[in-house]
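Trainee: Below is the sequence, then the predicted model.
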Amino acid sequence: MISPVIDERIQKELVIDVIKPVKSEQDNKIIELSREQQAPILTRDWDFEKKHREGENHYGIIFDHRMHHRNQKQVINAIKTLRQHLTKEELKQNIIWLKRFY
């Protein structure tokens, strides 16, 4: 659900490995992969916000349903700011609304 250009910029500018599941991958498999890799999920898909509310065990969800309408540099800068303020442990089991960092 994330633009390939944003994925690429995250990898280059933030030096973060991006694990991109197959487009048809089920949400539960994506959450499982996130737990295995101890990595948060960056998404604009409301299904993950719902999974969080239902108590699904996850390693963090970074959510912005309007991400695809925002300037890519703005998204990258918001992720940079988020990383400066939150640790991996603080992300675990939490949903982070990326719009707080724009």
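Mentor: Nice, thanks for sending it over.

Trainee: Point to the helix or strand of the protein where mean pLDDT is at its lowest.
Mentor: Least confident helix or strand, the chain: helix 4-14 with a mean of 79, by mean pLDDT, DSSP states H and E.

Trainee: Show me what the helix or strand following that helix packs onto, helices and strands only.
Mentor: Going down the chain from helix 4-14, the next helix or strand is helix 27-37, by DSSP states H and E. Judged by 3 or more Cβ pairs under 8 Å, 6 or more residues apart in numbering; DSSP states H and E, helix 27-37 is in contact with strand 41-43, helix 46-53. For the C-beta atoms, the positions are set from N, CA and C on the backbone; glycine is no exception.

Trainee: Highest mean neighbour count out of the ones you listed?
Mentor: strand 41-43 (a mean of 24; mean count of other Cβ atoms under 10 Å).

Trainee: how far does it sit from the chain's center?
Mentor: 2 Å (Cα atoms, centre = their mean, to the nearest Å).

Trainee: got a list of contacts for that strand?
Mentor: Under the criterion Cβ atoms under 8 Å, 6 or more residues apart in numbering, residues 1-2, 10, 30-31, 34, 48, 58-63, 79, 98 lie in contact with strand 41-43.

Trainee: what do you get for stretch 24-34?
Mentor: Contacts for stretch 24-34 (Cβ under 8 Å, 6+ apart): 19, 21, 40-41, 45, 47-48, 51, 56-60.

Trainee: CSV for those residues, including pLDDT?
Mentor: Formatted as CSV, the contacts of stretch 24-34 follow (pLDDT from 0 to 100):
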residue, pLDDT
Ile19, 77
Pro21, 76
Pro40, 93
Ile41, 93
Asp45, 92
Asp47, 93
Phe48, 94
Lys51, 93
Glu56, 92
Asn57, 93
His58, 93
Tyr59, 93
Gly60, 95
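
Trainee: Now those residues in JSON lines, please, with extra columns for distance to Met67.
Mentor: Shown next, in JSON lines, are these (distance: Cβ to Cβ, whole Å):
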{"residue": "Ile19", "distance to Met67": "17"}
{"residue": "Pro21", "distance to Met67": "17"}
{"residue": "Pro40", "distance to Met67": "14"}
{"residue": "Ile41", "distance to Met67": "13"}
{"residue": "Asp45", "distance to Met67": "10"}
{"residue": "Asp47", "distance to Met67": "15"}
{"residue": "Phe48", "distance to Met67": "12"}
{"residue": "Lys51", "distance to Met67": "18"}
{"residue": "Glu56", "distance to Met67": "21"}
{"residue": "Asn57", "distance to Met67": "24"}
{"residue": "His58", "distance to Met67": "18"}
{"residue": "Tyr59", "distance to Met67": "19"}
{"residue": "Gly60", "distance to Met67": "16"}
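
Trainee: Fine by me, thanks again.
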